[in-house]
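Novice: generate coordinates for the sequence data below:
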Amino acid sequence: MAESADILTGANQQVLLPDLNAGCSMADMADLDSVEEAWEALAEVTDVDRIVPITYMNSSAALKAFVGRHGGAVCTSSNAGAVLTWALDPEGRGQARGDKVLFFPDQHLGRNTGFQLGYTEGDMRVWNPRLDRGGLEELDIKDATLLLWKGHCSVHQRFRPDHVTAFRAAHPAGLVLIHPECAHDVVEMADEVGSTDAIIRAVDAAPPGSVIGVGTEIHLVKRLDDEHPDKTVVSLDPLVCPCSTMFRIDAPHLCWVLENLVEGEVVNRITVDEDTAAAARVALERMLAIT
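Specialist: Residues are numbered from 1 along each chain as shown. Below is the predicted model of the structure:
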């Protein structure tokens, strides 16, 4: 995210990351070498010019650049549907950019979005970068419309159907909100599925007295509960596992950065080399243009 900020900001702006150890375990599940190896393997059995690579915002600048160079786009959990529609034209309007997508690094967002657009399990295959040719047969690759990278968010993958079942047993009138990075069997049980922004809006819209079970990162759940004293907002996961990498950006680190700025010293600046930035900018700008 910090790299993307550096790519999209002007020359007169600088991007600082309070803790350089902050990151995303899901983003680490797809690196440039692995994606390039996958692309080469795919080229041996199908026309890669007809594959549209789509990378989630939670990925490195190098992967965004790869996507930009190969005619693809970046997506977020809010606009993944619009981006896949742009790539594949599921309604058959003659506007498809390709016949397949390679979606990384999160398989669950790709799968859930595909189902929302009318694709079936038979249209999807999981590409395991640790296996030869992704662990797929040649026919699987040719038949698939959605090639889903075997990656996941360690927090969202914790949510299970029995969490939803337990919540509904305790709160029969409760509302279940699930983030699309969760597994599909959990998503199927939700009252509403959506991005962080969609979850926030759904909690805002719920009537006073509502009990809301949320399948997403605990700090957002806690914030929503604090901001809505007339409602009860709880995590569906009773063990409450926070995102350890995201949580590294905390008040002490931010204070340290600001104190250095007061002293005239810029610390932990994030910069992306121009070649990578130029290609990644293409993919990011495509994302921003797709509605």
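
Novice: now stretch 1-9 - C-alpha only, PDB.
Specialist: Extracted C-alpha coordinates of stretch 1-9, given in PDB (Å, rounded to 0.1, in the frame of the first residue of the first chain):
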ATOM      1  CA  MET A   1       0.000   0.000   0.000                       C
ATOM      2  CA  ALA A   2       2.800   2.400   0.800                       C
ATOM      3  CA  GLU A   3       4.400   1.500  -2.500                       C
ATOM      4  CA  SER A   4       1.200   2.300  -4.300                       C
ATOM      5  CA  ALA A   5       0.900   5.600  -2.500                       C
ATOM      6  CA  ASP A   6       4.400   6.500  -3.700                       C
ATOM      7  CA  ILE A   7       3.500   5.500  -7.300                       C
ATOM      8  CA  LEU A   8       0.300   7.600  -7.300                       C
ATOM      9  CA  THR A   9       1.600  10.700  -5.500                       C
END
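
Novice: going forward can the numbers begin at 27, since that is how I track them
Specialist: All right, first residue 27 from here; so that's stretch 27-35.

Novice: in that stretch, which residues are buried?
Specialist: Across stretch 27-35, burial judged by 16 or more other C-beta atoms under 10 Å covers 27, 28, 29, 30, 32, 33. The way it works is simple: take the backbone N, C-alpha and C, and place the C-beta from them, glycine included.

Novice: all strands of the stretch 77-226 of the chain, in order?
Specialist: 77-82, 99-101, 126-130, 150-153, 172-175, 201-204, 218-219 (DSSP state E, counting those that start in this stretch).

Novice: closest to residue 230 out of these?
Specialist: strand 201-204 (11.5 Å; C-beta to C-beta).

Novice: starting at the chain centroid, how far to that closest one?
Specialist: Distance, stretch centre to chain centre, for strand 201-204: 18 Å (C-alpha atoms, centre = their mean, to the nearest Å).

Novice: all helices of the stretch 127-276 of the chain, in order?
Specialist: Ranges of helices in the stretch 127-276 of the chain, per DSSP state H, counting those that start in this stretch, are 133-142, 164-169, 187-196, 210-213, 222-231, 244-253.

Novice: before we move on, the earlier item: tabulate the buried residues of stretch 27-35 in a markdown table, adding columns for distance to residue 150, pLDDT and secondary structure.
Specialist: Below are the buried residues of stretch 27-35 laid out as a markdown table (distance: C-beta to C-beta, whole Å; pLDDT from 0 to 100; DSSP: H, G, I helix; E, B strand; the rest coil):
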| residue | distance to residue 150 | pLDDT | secondary structure |
| --- | --- | --- | --- |
| 27 | 27 | 79 | coil |
| 28 | 32 | 85 | helix |
| 29 | 29 | 88 | helix |
| 30 | 27 | 86 | helix |
| 32 | 34 | 88 | helix |
| 33 | 30 | 90 | helix |
